[in-house]
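Chemist: Just need the structure, nothing else, for what follows:
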Amino acid sequence: MRAEATIERRPSGNPNIDELDALIDELIAVIDDENALLASGMPASLAATTGRKSNLAAGIEASLKAIGAAGPVTEAERAYLDKRVGLVQRLAQENLSRLAGAIGASRRRIAAVVAAVRDDGLSAAPVYGRTGSRSSGGSKSPASLLPDRLA
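Modeler: Modelled structure (predicted):
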């Protein structure tokens, strides 16, 4: 379900609110798409959406400032804006939660790969004896770096 469908359309034809509404709709779409990808198990490395979300957030901030500078808004406009901004905040919080989960999953995947490589490397690595020569049996005593006469 698209989140934008839960809020009715704006109550007036204020051009500043029109611009803000379009930016909010676009940000909601980006967040919804990213949340769907994250919910499906996609890794958190979605740098393209991060930049787009930042640009849209900056645009929303500028629009809110323009609305404030243009003078007072009606009660209906204020209530509508409060609902829209509240919706974006809820979606952003959900997005943050999903991103944190995806980052944690990515870290666990990386740790598992590193552990597997480390374990594979240890089992396949040749064992060197005290004299520095390879031993095929894999002596249980640790190899010494001291010359044989001192070891």
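
Chemist: tell me the helices in this protein, going along the chain?
Modeler: For the chain, the helices defined by DSSP state H occupy 15-39, 47-69, 75-124.

Chemist: Tell me which of the ones you listed is the most buried.
Modeler: Between those, helix 15-39 has the highest mean count of neighbours, a mean of 18, where neighbours are mean count of other Cβ atoms under 10 Å. Heads up, the C-betas are built off the backbone N, CA and C, glycines and all.

Chemist: same for that one, what does it pack against?
Modeler: Helix 15-39 makes packing contacts with helix 47-69, helix 75-124 when contacts are defined by 3 or more Cβ pairs under 8 Å, 6 or more residues apart in numbering; DSSP states H and E.

Chemist: what ranges of the protein fall below the confidence cut-off?
Modeler: Within the chain, the set of residues satisfying pLDDT under 70 comprises 1-12, 44-48, 121-129, 135-151.

Chemist: re the thing from before, in JSON lines, list the helices and strands packed on helix 15-39 along with distance to Leu27.
Modeler: As requested, the helices and strands packed on helix 15-39 are arranged in JSON lines below (distance: least, Cβ to Cβ, whole Å):
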{"stretch": "helix 47-69", "distance to Leu27": "4"}
{"stretch": "helix 75-124", "distance to Leu27": "6"}
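
Chemist: so which of these comes closest to Ile31?
Modeler: Shortest separation from Ile31 across the helices and strands packed on helix 15-39 is recorded for helix 75-124, at 4.8 Å, computed as Cβ to Cβ.

Chemist: Appreciated, that's everything.
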